[in-house]
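Student: structure, please.
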Amino acid sequence: MNLFDEFKARGMIAQCTNEDEVKRLFENEKLTFYIGFDPTADSLHIGHFIQLKIMAHMQRAGHRPIAVFGGGTAMIGDPTGKNDMRKMMTKETIEHNVECFKKQMSRFIDISDGKALFINNADWLMNMNYIDYLREVGPHFTISRMLAAECYKSRLEKGLTFMEFNYMTMQSYDFYKLYSDYGCTLEFGGDDQWSNIIGGVELIRRKTGKEVYGLTFKLLLTSEGKKMGKTEKGALWLDPEKTSPYDFYQYWRNIDDADVINCMKMLTFMPLSEIAEYEKLEGSEINRAKEKLAYEVTAVIHGEDEARKAEESAKKVFAAGGVSDDMPTTELSAADFTDGKIFVSDLLVKAKLAPSKGEAKRLIQQGGVLINDSKAERFDAFVTLDEIGESLIIKKGKKTYHRIVLK
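Tutor: Here you go, the predicted model:
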């Protein structure tokens with residue numbers, strides 16, 4: 001099975017500008033392709049990992065990846081999928097985030113001997129003369145066609161700024177620049193990037209008469225069509241300081257039964273034949289598939305040792321409600337207590353098990369919070385310093401455990 005067919009068999013491909021030709025190129029040529037990453041945070045998240053996996057797959061097959069870090073485009077902000085304009089970042093923040101991305105990405109992509117390239121589009125966008133840019137790029141885009149793009153249509157009623165309106169042309173120019181300088185003939189991206197990718201394909205065709213290609217991959221969604229990778233603490237980050245390996249493992253261990261096989265196909269390097277065996281599992285046996293998924297994804301992101309530790313800790317915790325050294329832990333000091341006590345709702349917020357005191361009180365009233373195996377019955381329930389002792393275990397729902405310790 002060639003790589004294009006494998007992507008298809010894994011259910012990953014969403015749209016392609018010329019599927020037959022792209023498949024032929026996969027089979028017969030060594031391609032230079034690119035994927036863009038706008039550095040809007042100081043860590044990559046699980047949504048980025050799909051793109052990293054694709055790059056790694058392609059590199060193993062002999063193709064050359066280019067990771068383009070949006071040091072220039074992040075100054076504008078991609079309006080795709082956003083209800084409001086993104087918060088503007090400083091150059092210093094963007095540069096810091098780019099360096100974080102490079103460090104993380106180097107664990108997955110081999111950049112030695114030119115096998116892959118890490119490039120910052122700030123190198124050509126930041127010093128460009130705006131009039132020259134308009135003359136070079138502007139004639140090849142029509143307002144009517146741009147407004148028909150999904151990335152803009154959804155924002156027209158709420159307000160789309162002129163600054164954001166430039167984003168599509170900038171991403172398109174990236175593709176043109178990479179084609180001109182590096183022979184890049186293929187752009188990959190999430191399916192929400194289809195309009196921007198088409199813009200680049202068309203720009204190159206209009207300026208050079210040459211054919212290049214775009215291919216998008218499906219977003220990581222639940223069986224109900226909702227984006228995966230969101231937790232109560234925010235995004236599911238690849239940085240272990242932002243999402244611990246234990247929490248990362250637990251996320252995949254606790255996903256819905258209906259999502260396990262799709263995640264195996266999209267996020268792991270497991271052979272499809274092996275995944276097919278897990279697909280046969282039913283009832284409580286599906287938990288074996290969840291454990292395998294959680295281990296495999298955690299091992300790729302954080303390494304085999306961290307995956308084993310997370311797996312062992314999870315089994316210890318869930319087997320008997322026990323305590324594990326790797327259990328998520330929050331430290332409190334005497335200053336967090338008032339007259340020697342603290343409300344359980346405050347504990348939930350400090351442990352990031354609830355986003356607000358209101359939500360914490362709702363959880364308590366619904367009977368979903370246990371403190372050392374005793375249900376917190378009232379919204380104003382509290383614990384004392386003496387009750388915490390060396391440690392205290394909070395259980396939220398059926399699957400979430402958290403330890404509180406005193407400094």
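
Student: what helices or strands is the host helix or strand of Ile35 leaning on?
Tutor: Following DSSP states H and E, the helix or strand that holds Ile35 is strand 32-37. On a contact count with 3 or more CB pairs under 8 Å, 6 or more residues apart in numbering; DSSP states H and E, strand 32-37 meets helix 46-60, strand 64-69, helix 167-182, strand 186-190. For glycine as for every other residue, the C-beta is placed from the backbone atoms N, C-alpha and C.

Student: how about a cut-off of 6 Å?
Tutor: If you count contacts as 3 or more CB pairs under 6 Å, 6 or more residues apart in numbering; DSSP states H and E, strand 32-37 packs onto strand 64-69, strand 186-190.

Student: helix 167-182 and the very next helix or strand once past the last one, what's the angle between them?
Tutor: The helix or strand immediately downstream of strand 186-190 is helix 194-208, counting by DSSP H and E. Taking axes from the mean of the first three to the mean of the last three CA atoms, to 10 degrees, helix 194-208 and helix 167-182 form an angle of 50 degrees between their directions.

Student: pull the distance from helix 194-208 to the chain's centre.
Tutor: Centroid separation for helix 194-208 versus its chain: 26 Å, with CA atoms, centre = their mean, to the nearest Å.

Student: pairing partners for the helix or strand that it is followed by, with directions?
Tutor: The helix or strand immediately downstream of helix 194-208 is strand 213-217, counting by DSSP H and E. Paired with strand 213-217 in the same sheet, following DSSP bridges, are strand 13-16 (antiparallel), strand 186-190 (parallel).

Student: and the last one, how far from the chain's centre?
Tutor: By that I understand strand 186-190. Distance, stretch centre to chain centre, for strand 186-190: 16 Å (CA atoms, centre = their mean).

Student: helix 46-60 and that strand, what's the angle between them?
Tutor: Using the same axes, to 10 degrees: strand 186-190 against helix 46-60 is 150 degrees.

Student: tilt between the strand holding Ile35 and helix 167-182?
Tutor: Orientation of strand 32-37 against helix 167-182 (the same axes, to 10 degrees) gives an angle of 150 degrees.

Student: hmm, which helix or strand of the chain has the shakiest average pLDDT?
Tutor: The weakest-scoring helix or strand in the chain, judged by mean pLDDT, DSSP states H and E, is strand 230-231 (a mean of 69).

Student: could you export the helices and strands packed on strand 32-37 as a markdown table, including mean pLDDT, mean neighbour count and distance to Leu147?
Tutor: Formatted as a markdown table, those follow (pLDDT from 0 to 100; neighbours: other CB atoms under 10 Å; distance: least, CB to CB, whole Å):
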| stretch | mean pLDDT | mean neighbour count | distance to Leu147 |
| --- | --- | --- | --- |
| strand 64-69 | 98 | 23 | 26 |
| strand 186-190 | 96 | 24 | 21 |
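
Student: would TSV of these with distance to Lys361 be doable?
Tutor: Output for the helices and strands packed on strand 32-37, formatted as TSV (distance: least, CB to CB, whole Å):
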stretch	distance to Lys361
strand 64-69	43
strand 186-190	37
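
Student: so for Tyr176, which of those strands sits nearest?
Tutor: Proximity to Tyr176 (CB to CB) singles out strand 186-190 among the helices and strands packed on strand 32-37, at 10.6 Å.

Student: got the angle for that closest one vs strand 64-69?
Tutor: In terms of direction (the same axes, to 10 degrees), strand 186-190 departs from strand 64-69 by 50 degrees.

Student: what residues does strand 186-190 touch?
Tutor: Contacts to strand 186-190, defined as CB atoms under 6 Å, 6 or more residues apart in numbering, come from residues 31, 33-35, 175, 197, 200, 213-216, 219.
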